[in-house]
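Asker: What follows is a predicted structure for the sequence shown.
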Amino acid sequence: MPAYSDDFIEVALAADHNYIVGLTVAAYSIACSCNPANCLRFHFLFNGFTEEEKADIRRLLISAKNNCEVCYYDVSDVDLSELPIYASSRMTYARLLLPKLLSDLRYVIYADVDMLWLDDISDLWELRGHVELVSCVREQSEKTKDIEESWFVSNGKEFNRDNYFCAGVSFYNLAAIRSTNVFETVFDFGRRFRGFNCADQSMMYGAIGNQVGMLPDRWQSLPRNGIKVSPGEGVVLHYAGEVPWRCTHITRMITDTQLLWFHACAIAFGESVWRSLRRFYSARRIVLSRLVFLLMFRVWPIDILSRFLLRMIGVKSFDERLPGYRLYLSRLAKRSHTESIADSSSTAI
């Protein structure tokens, strides 16, 4: 068990084997975007990883950042069967085990695996003194808030849209959580209620919502809302229900920001972007999905009509542009274990 040290930024992610590629890319992007002078320590809560896979991830992260440590925690024997399955898994609840698993640590940042970090997590770590219990980023999806508000109100519970949060990036004061045993209250909420929509996020809001602080919006951007930053400025993309490796958006397109994730995947695994895409999609699906996106959102005036029609069918926001696309690629590649980005990895599909 790692002991507490001010020398390390402590970061936790959790995944079963179905999400191992997502975990790898998310962690790799954190390592590449972190200030080289700062030390990172990753805590991976896993279910179903082989020893070879764990060794490969460790080597990759150390190749990207030599002042980096990697710790693994097998949670396959933890019984989470009383909680509802979310996104074909229950691993999302593993974050609630962190106070016990990391018994000697004071703070930890938790990150979902469907994220791409293009901002320095060191700056987020500097906020730890302001985290009294749990802090999260405010929920940015109006659709999610609509769904959650409906459920909470129908179950006779208060819901405030202004303080509803997204737990994709969560900052935990582990010492305070252990002393109050507050996560048992969260687990109890999940055991007593059924039908809530956002798993641990809903559980935390229902059980301790009034005790959760808010992190700056800087630490999460939903690609579909549009990325409002200057080219190359730090941004943390959270694909939130529209993960690149399982495109479920109503349009079924491979968007610009999703393609950026596949570029990052290619850099991390030392392969072409095409190979990264083929991990999850057929060749036919790749070509058609990408061509449809380019036609609908890059050809005037079709793009204007497309956005109008999407709004008509209830898609309130859809804007997958990212200023400084290639600057972010360069940042991810600069400390890569590969020598450079292959030509095929820097050409848009």
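Answerer: Structure received.
Asker: going forward, measure contacts and count neighbours with C-alpha atoms only.
Answerer: Fine.
Asker: mind checking which helix or strand the residue nearest to Lys157 when sequence neighbours are not counted is in?
Answerer: Computed as Cα to Cα, 6 or more residues apart in numbering, the closest residue to Lys157 that is not its neighbour in sequence is Gly206, at 8.0 Å. Element membership for Gly206, per DSSP states H and E: helix 199-208.
Asker: Then Cys71?
Answerer: Using DSSP H and E, Cys71 sits within strand 68-74.
Asker: now the helices for the stretch 51-200 of the chain?
Answerer: 51-64, 98-101, 121-125, 142-154, 174-180, 182-192, 199-208 (DSSP state H, counting those that start in this stretch).
Asker: For Gln258, which of those helices is the nearest?
Answerer: Closest of these to Gln258 is helix 142-154, at 20.1 Å (criterion: Cα to Cα).
Asker: same for the closest one, what does it pack against?
Answerer: Counting contacts by 3 or more Cα pairs under 8 Å, 6 or more residues apart in numbering; DSSP states H and E, helix 142-154 is packed against no other helix or strand.
Asker: now it against helix 199-208, angle please.
Answerer: 50 degrees (axes from the mean of the first three to the mean of the last three Cα atoms, to 10 degrees).
Asker: in helix 142-154, what counts as buried?
Answerer: Lys145, Glu148, Glu149, Trp151, Phe152 (16 or more other Cα atoms under 10 Å).
Asker: Skipping adjacent residues, who's closest to the fourth one in space?
Answerer: Taking Cα to Cα, 6+ apart as the measure, Trp151 lies nearest to Phe196, with 6.4 Å between them; neighbours along the chain are not counted.
Asker: and the one you found, how many neighbours?
Answerer: Counted with other Cα atoms under 10 Å, the neighbours of Phe196 add up to 19.
Asker: On the pLDDT front, check it for me.
Answerer: Phe196 is assigned 83 on the pLDDT scale.
Asker: State the distance from Asn47 to Pro244.
Answerer: Distance, Asn47 to Pro244, using Cα to Cα, to the nearest Å: 22 Å.
Asker: Of the two, which one has the most company?
Answerer: The neighbour comparison of Asn47 against Pro244 (other Cα under 10 Å) goes to Pro244, with 23 against 20.
Asker: ok, back up a step: for the helix holding Gly206, name the packing helices and strands.
Answerer: By 3+ Cα pairs under 8 Å, 6+ apart, helix 199-208 packs against strand 165-173, helix 182-192.
Asker: now it: mean pLDDT?
Answerer: Here the average pLDDT along helix 199-208 is 92.
Asker: tell me which residues of that helix are tucked away?
Answerer: Ala199, Asp200, Gln201, Ser202, Met203, Met204, Tyr205, Gly206, Ala207, Ile208.
Asker: helices and strands around the helix or strand that comes right after it, which ones?
Answerer: Following helix 199-208 in sequence order, the next helix or strand is strand 212-215 (DSSP H and E). Here strand 212-215 touches strand 134-138, going by 3+ Cα pairs under 8 Å, 6+ apart.
Asker: Using TSV, please lay out the helices and strands packed on helix 199-208 together with distance to Met91, mean pLDDT and mean neighbour count.
Answerer: TSV is the format used below for the helices and strands packed on helix 199-208 (distance: least, Cα to Cα, whole Å; pLDDT from 0 to 100; neighbours: other Cα atoms under 10 Å):
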stretch	distance to Met91	mean pLDDT	mean neighbour count
strand 165-173	13	96	24
helix 182-192	14	93	17
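Asker: Using JSON lines, please lay out the ones you listed together with distance to Ile62.
Answerer: Formatted as JSON lines, the helices and strands packed on helix 199-208 follow (distance: least, Cα to Cα, whole Å):
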{"stretch": "strand 165-173", "distance to Ile62": "23"}
{"stretch": "helix 182-192", "distance to Ile62": "32"}
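Asker: Noted, bye for now.
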